[in-house]
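Prediction below, plus the sequence it came from.
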2 protein chains.
Amino acid sequence: MALSHLDQSNYYDFLRFATVSADPARAQIMRECAIWLASKFREMRMEPEIVATPGAPVVLAKWKKGGSAKRRTVLIYGHYDVQPAEMGDGWTGDPFEPRLIDGMVVARGSTDNKGQIFAHMMGVAEKIKAGGPETDVIFLVEGEEEVGSDNLEAVLRSRKEELACDVAVISDTNMAGPDKPTLTYGLRGISALEVELTGPSHDLHSGVYGGAVVNPITVLTRLLAGLHHQTGQVAVPGFYKKVRKVAAWERKAAKALGVPDAEVKRQAGSPALGGERGFSAIERIGMRPTAEINGITGGYQGPGPKTVLPSKASAKLTFRLVPHQDPKEIADLVEKDLKKRCPKTVKLKVTRHHGGFPYFCDPTKGFGPAASKALSQAWGGKRVDYLLEGGTIPIVSVIKKVLGVETLLVGLSLPDCRAHGPDETFPIEYLERGAKMNQALLKEIARA
Amino acid sequence: MALSHLDQSNYYDFLRFATVSADPARAQIMRECAIWLASKFREMRMEPEIVATPGAPVVLAKWKKGGSAKRRTVLIYGHYDVQPAEMGDGWTGDPFEPRLIDGMVVARGSTDNKGQIFAHMMGVAEKIKAGGPETDVIFLVEGEEEVGSDNLEAVLRSRKEELACDVAVISDTNMAGPDKPTLTYGLRGISALEVELTGPSHDLHSGVYGGAVVNPITVLTRLLAGLHHQTGQVAVPGFYKKVRKVAAWERKAAKALGVPDAEVKRQAGSPALGGERGFSAIERIGMRPTAEINGITGGYQGPGPKTVLPSKASAKLTFRLVPHQDPKEIADLVEKDLKKRCPKTVKLKVTRHHGGFPYFCDPTKGFGPAASKALSQAWGGKRVDYLLEGGTIPIVSVIKKVLGVETLLVGLSLPDCRAHGPDETFPIEYLERGAKMNQALLKEIARA
């Protein structure tokens, strides 16, 4: 078989798999995408394997030269699943038919995470054609990142020996801005739960009962409004107890990112920013935990009015966590607070979803300097920014726990790539840029 | 044509029309139901007419003996449209296929209002077979009561002379309880509006932007939580300014209804009652205004979690009003309060829906005593209760304004008939009972 050249058309093929992991109806598409990925790794002359799980399969691929005991091994992690995407959400075209507009590829997953993992595959493919990279390489590409990576830890544990490595590399984070090479040295964690209130046993006429029977939507708005103080701080008692105090250099590095509040406001298209007093927007996103209502529902939602006093109201909540907050402890505190504040006029049910630990890795230590060098090289010698990312990659903490290694977060996503939103995009030139970064990084890790 | 006998099977036919006025797709069903009603009136030997409107048609039917200038004319109002009903809302069977369970007819509209208006039709049909009632009679049955009766006022105005009458009669209110004949002497009004907040211009990743970009659901919960004080009073400034002070006899009459708070709680199936301090449940419902959230929506509502910071959040609100609150003034106050409290982090849009004035008619005056006598007769001499109803029948105020007459509210609905809820029911024996009450009422009005 001829050594494969991975190119844009392969990337487009990758994007056409509608791998929405949240949708149980897509299980077959998940498997087809995993098979496609394995075939690409095989074309690269890597050794692929599709590992079945109770959910979507994990794709592993190895390139081992071995020989010297000192030869390093790098684990490159990515995910082939994507967030839900429907035309009704505001997409200007089919989310699973990539379109190139002004140098940007528009498609669900273009950035998160297909574009970024594919850039690493391109980098390694090219090196293998030229005799192989300076380190051994293991790709690990999962299909459940967007739904909490529930089955990945078991895979890591069962394959612990063959996945042994010196460091992990993940590109699934934002750069500080276009052409600003960025090392992300921390991630927020997450704790997700759902709240359901039941008032009357059935929907009532709001005229016949309104005023005497308490409306569960009203109670829900009070409970949720009470999640924050007027200062923007989360009001759940004990919420900040384990929050790490950031060092002075970190606030300087945050400022050096050169992302003024106005830029965050522009990206979001918000009328005005808000949040916790005493922090810039970028600090609020990287250094501070949050309480977010991701969805709320109750009563009548069709056209026109309906004079109903509904039986139920519910909301989906996520809490973004910073070191050293613990997802389960936070869920406990939230549940306790909600239960304490919930009046006896309604019944409260709390359902817990996934959790993920926050992550912090000092960039001046370990393979941090190697990553900094590689990033700078790939972007023509530019200064590297150091970022605390607001998002969560639960697997980073799992990798540390199971494989005992740190993770270098060398993201290729731009802040306005609209990951998780409609018309998600990725700069097409970042495929090549990412491949170069991958090659520099493996080289620097070999040297470090 | 033989004089028709109206019976239960005709009532079932009436219920099978899925006349959901809120759903524009049902326009044809509305027309078919109006045609069916007109055919029934024709079988009764009344003179029916279907009056077209920009919305659902109005059905008129007259029985005029005339002759004496002193002969009275009674206008009997009802509506053939119903609230929305879907299996997913908790119905245990098709809402539009009536089922008789333990003497109760289960179907959407069984009580509100098809059962009640049909009882009057049965009463008049029987009297016409026996030579005719003691008064002239006009039936007016509309198809837009559940969406605000927007087109009825124009019909009343254009037919003002032929609709001239001495008093109006409506059975669209609750009795105090089973076999408790009840004269409702007041109704709450309504002011309905919809609130939509827009934060970011598109849905965002709650990890990447959460903490700096304000979530419109969070703002909505704060705005809506602020609609009430902790005491249960509505917190909108100026809201209580025009509220009528009830007389001492009214609070006694409310108590005499013999509806303890525990009974309201049982009907609602609520864990506990709530509401404005200093009033019993029945007083809160009849004498006090409310702020109710009929629906709320925002963000992701599918299965599992989705880490989205949504662009929009919205809610449907209704305010129940008591004399002498004005629906437009209340909507103005609410909109002003929301605008004042809304932070600049989101854009606020308020859309107004229908409004209806509250109603009050002293039961010791005019035809009140006639109604009391008729109610007592129909229920075998029982004491009549005097009730302030929590619901709204906007047409009552319109009838007074346009035709210059009061309305006797002689409801046949029971508090746990689940009007507007799933498995709405009506006691089948109240068809005959209502027909008897109709006959007694026309006789007493003729004598008064």
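Structure received.

hey, let's count contacts and neighbours off CA atoms from now on
OK.

which stretches of chain A form helices?
A:8-16, A:27-43, A:114-129, A:152-158, A:206-209, A:216-225, A:248-256, A:261-268, A:281-287, A:327-341, A:368-378, A:394-403, A:429-447 (DSSP state H).

Dump those to a markdown table, plus mean neighbour count, distance to B:Ala291 and mean pLDDT.
A markdown table is the format used below for the helices of chain A (neighbours: other CA atoms under 10 Å in any protein chain shown; distance: least, CA to CA, whole Å; pLDDT from 0 to 100):
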| stretch | mean neighbour count | distance to B:Ala291 | mean pLDDT |
| --- | --- | --- | --- |
| helix A:8-16 | 18 | 49 | 96 |
| helix A:27-43 | 20 | 46 | 97 |
| helix A:114-129 | 24 | 49 | 97 |
| helix A:152-158 | 16 | 49 | 96 |
| helix A:206-209 | 28 | 10 | 92 |
| helix A:216-225 | 24 | 9 | 98 |
| helix A:248-256 | 13 | 46 | 93 |
| helix A:261-268 | 17 | 33 | 94 |
| helix A:281-287 | 26 | 35 | 95 |
| helix A:327-341 | 18 | 21 | 98 |
| helix A:368-378 | 22 | 58 | 96 |
| helix A:394-403 | 20 | 43 | 91 |
| helix A:429-447 | 21 | 54 | 97 |
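
Could I get these in TSV, plus columns for distance to B:Ser372?
Listed next are those as TSV, based on distance: least, CA to CA, whole Å:
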stretch	distance to B:Ser372
helix A:8-16	74
helix A:27-43	68
helix A:114-129	76
helix A:152-158	75
helix A:206-209	22
helix A:216-225	38
helix A:248-256	78
helix A:261-268	64
helix A:281-287	68
helix A:327-341	47
helix A:368-378	89
helix A:394-403	71
helix A:429-447	83
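
Which one of the ones you listed lies nearest to B:Cys165?
Nearest to B:Cys165, of all these, is helix A:206-209, at 28.6 Å by CA to CA.

do that closest one and chain B meet at all?
Yes - using CA under 8 Å from any CA of the partner chain, helix A:206-209 reaches chain B at A:Ser206, A:Gly207, A:Val208, A:Tyr209.

Against A:Glu146, how distant is A:His420?
For A:His420, the distance to A:Glu146 equals 10 Å [CA to CA, to the nearest Å].

Quick check: neighbours shared by those two?
Common neighbours of A:His420 and A:Glu146 (criterion: CA atoms under 8 Å, 6 or more residues apart in numbering or on different chains): A:Gln83.

Quick one: closest of the helices of chain A to B:Ala315.
Per CA to CA, nearest to B:Ala315 of the helices of chain A: helix A:216-225, 9.9 Å.

And the strands in the stretch 1-150 of chain A?
A:47-51, A:58-63, A:73-79, A:99-101, A:104-106, A:136-142 (DSSP state E, counting those that start in this stretch).

To chain B, which of the ones you listed lies closest?
Among the strands of the stretch 1-150 of chain A, strand A:104-106 comes nearest to chain B, with 15.3 Å by CA to the nearest CA.

hmm, who's touching the closest one?
Identification of contacts with strand A:104-106 by CA under 8 Å, 6+ apart yields A:Pro95, A:Pro98, A:Arg99, A:Leu100, A:Asp423, A:Glu424, A:Thr425, A:Phe426, A:Pro427, A:Ile428.
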